[in-house]
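**Q** Sequence and predicted structure are below.
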Amino acid sequence: MLYHKSVAVPPAEPSTASAATAPPPSVGARMDRLPITPTHRKLTGVVGIGLLFDTFENNLSGTVSQVLQADFALNGTSLKLMLASVFIGQFFGSLLLGRIADRFGRRRAFMINLAMYSVFSLLGAFSPNAAWLIVTRFFAGVGIGAEQALSDCYLSDVLPARRRGRYIAWAYTIAFCGVPAVGFAALLLVPMSPLGIDGWRWLFIVGSLGSAVVWLLRRRLVESPRWLAEVGREEEAEALVSKLEAEARAEGAVLEPPAPEPAPMPRARMRDLFGERFRRRTIMLWVFCSLSVVGYYGFGVLAPQILAAKGYDLVSGLGYTALSFLGYPIGSLLSVPVMDRVERKLLIAGSAAAMSLAGIGFAVADSAALVVCFGFGFTLISNVFSTVSHVYLAEQYPTRIRATASGAAYSLSKLSAAVLPFALLPVLDSHGPGWLFTVIAGSMALLVLTVLALGDRTTGRALDHY
């Protein structure tokens, strides 16, 4: 229970001796006993809007791939490079900016990543040729690459443990509005040339200008109190936690005493990732992150190519893709009420299995209605899977190494996503959508077994109690 509305019997006063020797409650314990305050809601909203442009970006190349093939005469290799370049950039960005977040603060890393993405997305809008587009997509990817890992770590830092999953799910519900947004924007703009500029170029401009607005909003983000305490900036951490506590009391909450502190754990270091303390969860996360994108991005990036292989023209394919993409924000919204009630690893396993079934249905669908139905079902289920995955990833490591260690695992998902066009397009071209989704289903089955066998239970658990 986070707060009381009835009058509670005060606990017995501790003896003078015990009061003198008891250590003060930690920043983390004090934050975990808080109810959700207006500041928590504001931070969740600002982070969610930033994530919206990350999802917009991740689905942009695949959505406009058909028109880019015509405009830049992309052949097999250059098409794969164009689809892969942003994910290769995100691989490096996840590693670099995760390290910056642990060393210099979550807020500073946020400002760097969005600024870099905004600049290079705008440059990509005016690409004169395929090579320029591939290079700018790479550097835009470096900028946006750590966005999800940084957001997961930041929200895990600032949200109370018993409401952490629910509010991260709200952030991703906002975020995944970016997927149908890019689908419908492409459907509207690609056939047009507003102001004499090709419609697909306007999609890059929208992403750039939108992220610039979010950059301005994020200048007002507070730093993570847990991170501040971890790096020795106790006075700043104390001021922020005291402000949150005062806000909670002003809302009418009566705060419970912080939970008892567990026995102190050794300070975590990056070289501990494969030591006895973290080895099992590191192996699980690295396998999980490498395989998760096969199902998730395998559909999002290749859906227009799959529809083209089924014989649908460009405009029809974009329309069916946009309708299918509506499942992304709805799926994330559906995860909100269950996120803190169902154990994360079980929710991951169940949604991954359901994704495989929906994907095979999409592959064999022989009418437009079934294509949209199974496509919508796949994206809806995949965003229950994606949202819980982000929460689960951020819960695996303590504050000191959370952004770096999570970023390292998350970077593997970007590397896998970069390989997808080279691995899956030949399967689609040679054997068709049925075999493509059979490969995807096999990858998801291996993911389920790995999480169930090696994953820990994390729902409601304090972040630094390892």
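**A** Now that the structure is in, tell me what you want to look at.

**Q** got the phi/psi numbers for Pro398?
**A** phi -70, psi 170 (degrees, to the nearest 10).

**Q** so how far is His40 from it?
**A** Per CB to CB, to the nearest Å, Pro398 is found 21 Å from His40. (C-beta placed from N, C-alpha, C; glycine too.)

**Q** Same check on Val119?
**A** Taken as CB to CB, the span from Val119 to His40 is 31 Å.

**Q** more crowded one of these two?
**A** Just comparing Val119 and His40: by other CB atoms under 10 Å the higher neighbour count belongs to His40, 21 against 17.

**Q** hang on, the more buried one in a helix?
**A** Yes - under DSSP: H, G, I helix; E, B strand; the rest coil, His40 sits within a helix.

**Q** From what I see, it and Tyr167 are in contact.
**A** Yes - His40 lies in contact with Tyr167 (CB atoms under 8 Å); the separation is 6.7 Å.

**Q** Common neighbours of the two, please.
**A** Common neighbours of His40 and Tyr167, counting by CB atoms under 8 Å, 6 or more residues apart in numbering, are Leu159.

**Q** Can you tell me the SS state at Pro257?
**A** coil.

**Q** Check Glu276 too.
**A** Classification of Glu276 using three-state DSSP returns coil.

**Q** Check the gap between it and Thr282 for me.
**A** Counting by CB to CB - Glu276 and Thr282 are separated by 11 Å.

**Q** Those two: which has the busier surroundings?
**A** Each of Glu276 and Thr282 has its neighbours counted (other CB under 10 Å); Thr282 has more, 20 against 7.

**Q** Please, where are all the helices along the stretch 101-250 of the chain?
**A** 106-125, 130-144, 147-158, 164-175, 178-189, 199-218, 225-230, 234-250 (DSSP state H, counting those that start in this stretch).

**Q** Deepest-packed of those, please.
**A** Of all these, helix 147-158 has the most neighbours on average by mean count of other CB atoms under 10 Å, namely a mean of 28.

**Q** doesn't Lys310 make contact with Pro433?
**A** Yes - counting by CB under 8 Å, Lys310 is a contact partner of Pro433 at 6.8 Å.

**Q** what about the two, which has more around it?
**A** Set side by side, Pro433 and Lys310 show more neighbours around Pro433, with 21 against 17, by other CB under 10 Å.

**Q** For Val439, see how far away the more buried one is.
**A** Applying CB to CB to Pro433 and Val439 gives a distance of 11 Å.

**Q** hey, which helix or strand in this structure has the poorest pLDDT?
**A** strand 3-4 (a mean of 38; mean pLDDT, DSSP states H and E).

**Q** contacting residues for Gly407?
**A** Per CB under 8 Å, 6+ apart, neighbours of Gly407: Ser94, Leu95, Leu97, Gly98, Arg99, Ala101, Ala146, Ala149, Leu150.

**Q** rerun at 7 Å
**A** By CB atoms under 7 Å, 6 or more residues apart in numbering, the residues touching Gly407 are Ser94, Leu95, Leu97, Gly98, Ala146, Ala149.

**Q** Same question for Leu273.
**A** Here Leu273 is in contact with Thr282, Ala405 (CB under 7 Å, 6+ apart).

**Q** Recalculate using a threshold of 10 Å.
**A** Arg279, Arg281, Thr282, Ile283, Leu285, Trp286, Tyr397, Ile401, Thr404, Ala405, Ala408, Ala409 (CB atoms under 10 Å, 6 or more residues apart in numbering).

**Q** Give me the distance from stretch 210-220 to the chain's centre.
**A** 18 Å (CA atoms, centre = their mean, to the nearest Å).

**Q** ok, the most centrally placed residue in the chain to Arg402 distance?
**A** With distances taken as CA atoms, centre = their mean, the residue of the chain nearest its centroid is Gln148 (3.7 Å). From Gln148 across to Arg402, the span is 14 Å (CB to CB).

**Q** thinking again about what came up before, of all the contacts of Gly407, which two lie farthest apart?
**A** Leu95 and Ala149 (9.8 Å; CB to CB).

**Q** Find the residues that touch each one of the two.
**A** The contact lists of Leu95 and Ala149 share Thr404, Gly407, Ala408, Tyr410, Ser411, Lys414, where a contact means CB under 10 Å, 6+ apart.

**Q** Any stretches of the protein with poor pLDDT?
**A** 1-23, 61-66, 70, 259-268, 270, 298-305, 313-318, 320-321, 463-466 (pLDDT under 70).

**Q** Strands along that one, start to end?
**A** Along the chain, counting by DSSP state E, strands occupy 3-4, 254-255.

**Q** Who does the last one pair with, and is each partner parallel or antiparallel?
**A** Same thing as strand 254-255. Next to strand 254-255 in the sheet, as set by DSSP bridges, lie strand 3-4 (antiparallel).

**Q** Can you name the residues that contact Leu150?
**A** Contacts of Leu150 (CB under 10 Å, 6+ apart): 47, 50-51, 54, 93-94, 97-98, 100-101, 106-107, 109-110, 112-114, 394, 403, 406-407, 410.

**Q** let's see 7 Å
**A** Leu150 neighbours (CB under 7 Å, 6+ apart): Leu97, Ala101, Arg106, Ala109, Phe110, Asn113, Ala403.

**Q** Tell me how far it lies from Phe176.
**A** 17 Å.

**Q** Got a quick PyMOL command for the buried subset of the shared contacts of Leu95 and Ala149?
**A** Those of the shared contacts of Leu95 and Ala149 that count as buried under 16 or more other CB atoms under 10 Å are selected in PyMOL with:
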select buried, resi 404+407+408+410+411+414
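
**Q** biggest separation within the shared contacts of Leu95 and Ala149, which pair?
**A** Thr404 and Lys414 (15.4 Å).

**Q** Can you pull the phi/psi pair for Leu273?
**A** Per degrees, to the nearest 10, the backbone of Leu273 is at phi -60, psi -40.

**Q** how close does it get to Leu449?
**A** Per CB to CB, Leu273 is found 22 Å from Leu449.

**Q** same check, this time on Ala171
**A** Applying CB to CB to Ala171 and Leu449 gives a distance of 29 Å.

**Q** And for Val338?
**A** With CB to CB as the criterion, Val338 and Leu449 are 22 Å apart.

**Q** ok, how many other residues are close to the nearest residue to Leu393 once chain neighbours are set aside?
**A** Excluding its sequence neighbours, the residue lying closest to Leu393 (CB to CB, 6 or more residues apart in numbering) is Ser406, at 5.5 Å. Ser406 is flanked by 29 other residues according to other CB under 10 Å.

**Q** Fine by me, thanks again.
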